[in-house]
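Q: give me a model of this one.
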Amino acid sequence: MSDSNEILTNLPEEPEETNRTDWKKEIKEWAQAIFFAVIIGYVIINFIFFTVRVDGASMDPTLTHGDRLIVWRLGYEPENGDIVVLEPPLYNVDDRYVKRVIATEGQTVQIINNRVYVNGEAIDEPYIQGNVSALGSKYELPQVIPQGACFVLGDNREHSTDSRAFGLVPNDHIMGEVKLRIWPLNSLGVF
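A: Got it, this is the predicted structure:
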């Protein structure tokens, strides 16, 4: 005889089919998560920001060879003094250059006695290294910057291929503005 407080129930065992379904469901969820992560990564890298490594000394002392940078793309319009990553006109479009925007549309740029003038005023450039010269420039200065273009120079003026060599840069060749140095860690900083 059984105790009245004791309740006996027979629980049915889970069918093996349910375990297989859970496994398939788990795989499907992981695949969807990976797919969306790849799509979000693609959008971020192609439309919001990307990273680059400085190759060369044209931006010394501001940026040095091997520095790693984060470049902001989204809605960027060039402004004087910005450090930008660009695809230079007249050169291999696979190359990326890091340069400083000196003058933008409607401004007049000129180089006189190792000084850069924008709209007739010498600009303050505490960041430059070396002398700036218009000698060897393929482009005549003074130059009025047309709509949709800008004039760029490297901070290491004696060792920079820039607008003095390849001319004005169309704004659509500017890939974005340098916002952050992430390497080396002891030089981490915002621009």
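
Q: state which helix of this protein is the longest.
A: helix 16-43 (DSSP state H).

Q: what about it, average pLDDT?
A: Averaged across helix 16-43, pLDDT comes to 81.

Q: just checking, what packs against the helix or strand that it is followed by?
A: Next along the chain after helix 16-43, taking DSSP states H and E as the criterion, comes strand 49-53. Under the contact criterion of 3 or more C-beta pairs under 8 Å, 6 or more residues apart in numbering; DSSP states H and E, strand 49-53 touches strand 68-72, strand 174-183. C-beta here means a position set from N, CA and C on the backbone, and glycine is covered the same way.

Q: 7 Å instead?
A: strand 68-72 (3 or more C-beta pairs under 7 Å, 6 or more residues apart in numbering; DSSP states H and E).

Q: so what pairs up with the most centrally placed residue in the chain in the strands?
A: Geometric centre of the chain, nearest residue: V71, 2.1 Å, by C-alpha atoms, centre = their mean. Taking DSSP bridges as the rule, V71 bridges to F50, V178.

Q: could you dump stretch 30-44 to PDB, C-alpha only?
A: Written as PDB, here are the backbone C-alpha positions of stretch 30-44 (Å, rounded to 0.1, in the frame of the first residue of the first chain):
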ATOM      1  CA  TRP A  30      25.300  31.300 -34.100                       C
ATOM      2  CA  ALA A  31      25.300  31.500 -37.900                       C
ATOM      3  CA  GLN A  32      22.900  34.500 -37.800                       C
ATOM      4  CA  ALA A  33      25.000  36.200 -35.100                       C
ATOM      5  CA  ILE A  34      28.200  35.800 -37.100                       C
ATOM      6  CA  PHE A  35      26.400  37.000 -40.300                       C
ATOM      7  CA  PHE A  36      25.200  40.200 -38.600                       C
ATOM      8  CA  ALA A  37      28.600  40.800 -37.000                       C
ATOM      9  CA  VAL A  38      30.300  40.600 -40.400                       C
ATOM     10  CA  ILE A  39      27.700  43.000 -41.900                       C
ATOM     11  CA  ILE A  40      28.100  45.500 -39.000                       C
ATOM     12  CA  GLY A  41      31.900  45.200 -39.300                       C
ATOM     13  CA  TYR A  42      31.700  45.900 -43.000                       C
ATOM     14  CA  VAL A  43      29.500  49.000 -42.500                       C
ATOM     15  CA  ILE A  44      31.800  50.300 -39.700                       C
END
